[in-house]
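> coords please:
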Amino acid sequence: MKKASKNLIPASTVLIIRNGINDLEVFMVARHHQIDFASGALVFPGGKVDSKDIGPDIRDFIVPDKDYVDEELSFRIAAIRESYEESGILFAKYKANENLINNEKLEELQEWRDRFNKNETSMQEFAKKENLKFSIESLIPFAHWITPDLMPKRFDTRFYLAAVPDGHQGTHDGKESVDSLWISPKQAIEDCLSEKRTIIFPTRMNLEKLRNSKTVEEALSNARKHRIVTVLPKLEKTEEGIFLTIPKDAGYGDVKESIENLR
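Numbering: from 1, shown residues only. This is a model prediction of the structure:
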């Protein structure tokens, strides 16, 4: 995985998964139509890394306490914060407890989600006041995408995979996202291709990658084994038209997407 460029906006995204009745399901939210990026689209919870995501004492509030470099730690803390803000799902433990907090405890912390959405607090303050440790080990690296050079706003996005904590149901925030659902990757892709839902290219590609797994256990195992190859989509001009391509060894197969499908 390449280091983030100073010219890019660092961002984190989380594919939160659970075992459904017939298939693996992933939590997705519908973006508000007035949001400047991917407005109206169905996306995974995520967003920009905030400067407050990594304070001077943040390492006191993570488990396990591994020697993460500041950059990687900031992406992971942002991933946990964004998951909490956008889905209400929190990857954290009380310091004296080895298990992730349950739904009952999650409801007691609701005021903090509101404060995060109003940009009135930080992860460090949250952890100190509530005696929490953020569960870094819940996040399994899944993908790394960089927005192509031709785009006016470019992101350096780390995608993580995580099993939903027991009892956490997930719900949209009603501000940046206006709807939410648990959906199988297969169904989400079919909805996109039938134009029932809008799903942007990187999201669709990661749904394609996720659909190779049938259970949470299989998906996490596959992610742990897979080497992350940075995806920087490139344009390829042929007699047949202009196509967007990504590295063949990134885990998505041989992708050659007509730019007509991206409009």
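
> residue ranges in the stretch 1-150 of the chain under the pLDDT threshold?
Where the stretch 1-150 of the chain drops to pLDDT under 70, the residues are 1-6, 32-40.

> if you set the cut-off to 80 instead, what comes out?
Per-residue confidence of the stretch 1-150 of the chain (counting by pLDDT under 80) places the weak regions at 1-6, 31-40, 65-66, 96, 150.

> and the strands in it, which stretches?
Per DSSP state E, counting those that start in this stretch, the stretch 1-150 of the chain carries strands over the ranges 9-19, 24-31, 42-43, 46-48, 62-63, 92-94, 132-135, 140-146.

> next, format the ones you listed as CSV and append mean neighbour count and distance to F243.
Backbone N, C-alpha and C define where each C-beta goes, glycine included. What follows is those, written out as CSV (neighbours: other C-beta atoms under 10 Å; distance: least, C-beta to C-beta, whole Å):
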stretch, mean neighbour count, distance to F243
strand 9-19, 22, 24
strand 24-31, 23, 26
strand 42-43, 24, 24
strand 46-48, 20, 26
strand 62-63, 19, 42
strand 92-94, 20, 43
strand 132-135, 22, 40
strand 140-146, 21, 17
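
> now distance to T215 too, for the ones you listed, in a markdown table please.
As requested, those are arranged in a markdown table below (distance: least, C-beta to C-beta, whole Å):
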| stretch | distance to T215 |
| --- | --- |
| strand 9-19 | 6 |
| strand 24-31 | 6 |
| strand 42-43 | 22 |
| strand 46-48 | 23 |
| strand 62-63 | 25 |
| strand 92-94 | 24 |
| strand 132-135 | 21 |
| strand 140-146 | 14 |
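
> just so I know, which of those strands lies nearest E195?
Proximity to E195 (C-beta to C-beta) singles out strand 42-43 among these, at 12.2 Å.

> ok now the closest one, how far from the chain's centre?
Distance of strand 42-43 from its chain centroid, counting by C-alpha atoms, centre = their mean, to the nearest Å, is 10 Å.

> against which helices or strands is it packed?
Here strand 42-43 touches strand 24-31, helix 185-193, going by 3 or more C-beta pairs under 8 Å, 6 or more residues apart in numbering; DSSP states H and E.

> that strand pairs with which strands, and in what direction?
According to DSSP bridges, strand 42-43 forms sheet pairs with strand 24-31 (antiparallel).

> the partner strand vs helix 185-193, what angle?
For strand 24-31 against helix 185-193, the angle by axes from the mean of the first three to the mean of the last three C-alpha atoms, to 10 degrees is 40 degrees.

> and strand 24-31 with strand 9-19, angle?
Interaxial angle, strand 24-31 versus strand 9-19 (the same axes, to 10 degrees): 140 degrees.

> Serialize the helices and strands packed on strand 42-43 to CSV and add fields for distance to S135.
Below are those laid out as CSV (distance: least, C-beta to C-beta, whole Å):
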stretch, distance to S135
strand 24-31, 17
helix 185-193, 24
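
> can you give me the helices in the stretch 1-150 of the chain?
With helices called from DSSP state H, counting those that start in this stretch, the stretch 1-150 of the chain shows them at 70-87, 103-108, 110-117, 123-130.

> now do the buried residues in the second one.
By that I understand helix 103-108. K105, L106 (16 or more other C-beta atoms under 10 Å).
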